[in-house]
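Student: Need the 3D shape of this:
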Amino acid sequence: MKQKIILASSSLRRKQILRKAGIEFRAITPRVRENASLALPPRKHVEALAERKALEVARRVRGGIVIGADTLLACKGKTLGKPRNMGQASAMLKHMSGCRVDVYTGVAVIDVKTGRKVVDSEKATLLMKKMTGEEIREYVRTGEPIGKAGAIAIQGIGAKFISLVSGSRSNVMGLPLQILRRSLKRLGVEMA
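Tutor: Just a heads-up that it's a prediction; the model follows:
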């Protein structure tokens, strides 16, 4: 019997990634407060938050496989979550300008019926171009950076500020498919 897949996210990017991968799913927004100030290293932070999101949604459904994910960026010793306003977005982009930025995405997959879970993460690296103050202001005015980890969208206008991606593009977009496939397989679920 085919397991139903539930994405514990409201992220349009994560939904797009799953659709492109040919996965049928239902999305449920987790009721979890995202807190980028957790006193954990970036990899542990994204794994913990992905697990919290998946567990919260798993408690509200009767069965299926729940997928939770979380992404954040790290640059010059600073962890960058999602900016809530234009000022935060501008500050993040200025901080990352001309730098190497690590992108961490945690993935948690839970089989609701058995309670089995797999939690994993992946890291990619971006090389950011040097951005002028005017370029940052123009980009922020588009609204694209709001709600994006590190205030940058690799699949949108923000791509012009990235000179190199080392690692998985789907990781940078918020859902590393290689990790997801491996995690699902460990729970006996085959991805298309």
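Student: dump the residue contacts of K130.
Tutor: Contact partners of K130, counting by C-beta atoms under 8 Å, 6 or more residues apart in numbering, are S97, G98. Every C-beta, even on glycine, is put in place using the N, C-alpha and C of the backbone.
Student: how near is it to Y139?
Tutor: 14 Å (C-beta to C-beta, to the nearest Å).
Student: Tell me the first helix or strand C-terminal of the longest helix seen in the chain.
Tutor: When the chain is parsed with DSSP state H, its longest helix is helix 42-58. Toward the C-terminal end, the helix or strand that comes next after helix 42-58 (DSSP states H and E) is strand 65-75.
Student: Could you name the helices and strands sitting against that following strand?
Tutor: Applying 3 or more C-beta pairs under 8 Å, 6 or more residues apart in numbering; DSSP states H and E, one finds that strand 65-75 contacts strand 5-8, helix 42-58, strand 78-80, helix 86-96, strand 100-111.
Student: Quick one: closest of those to I157.
Tutor: Nearest of the helices and strands packed on strand 65-75 to I157, taken as C-beta to C-beta: helix 86-96 at 11.9 Å.
Student: quick one, that closest one and strand 100-111 angle?
Tutor: Relative orientation of helix 86-96 versus strand 100-111 (axes from the mean of the first three to the mean of the last three C-alpha atoms, to 10 degrees): 120 degrees.
Student: what does helix 86-96 rub up against?
Tutor: Under the contact criterion C-beta under 8 Å, 6+ apart, helix 86-96 has outside partners 73, 75-76, 78, 80, 83, 128, 131, 133, 136-137, 139-141, 145-146, 150-152, 161.
Student: Just the mean pLDDT for it, thanks.
Tutor: For helix 86-96, mean pLDDT rounds to 97.
Student: Can you give me the buried ones in that helix?
Tutor: Q88, A89, S90, M92, L93, H95, M96 (16 or more other C-beta atoms under 10 Å).
Student: In this protein, where is pLDDT below threshold?
Tutor: 1, 35-38, 192 (pLDDT under 70).
Student: Of the contacts of helix 86-96, which qualify as buried by neighbour count?
Tutor: Neighbour counting with 16+ other C-beta under 10 Å marks 73, 75, 80, 83, 128, 131, 136, 139-140, 145, 150-152, 161 as buried within the contacts of helix 86-96.
Student: Okay, and which of those residues map to strands?
Tutor: Counting by DSSP state E, the buried ones among the contacts of helix 86-96 place L73, C75, L80, M128 in strands.
Student: Of those residues, which is the nearest to E24?
Tutor: Closest approach to E24 among those (C-beta to C-beta): L73, at 30.4 Å.
Student: I'd say that closest one and R100 touch.
Tutor: No - checked against C-beta atoms under 8 Å, the pair L73 and R100 is beyond contact range at 10.8 Å.
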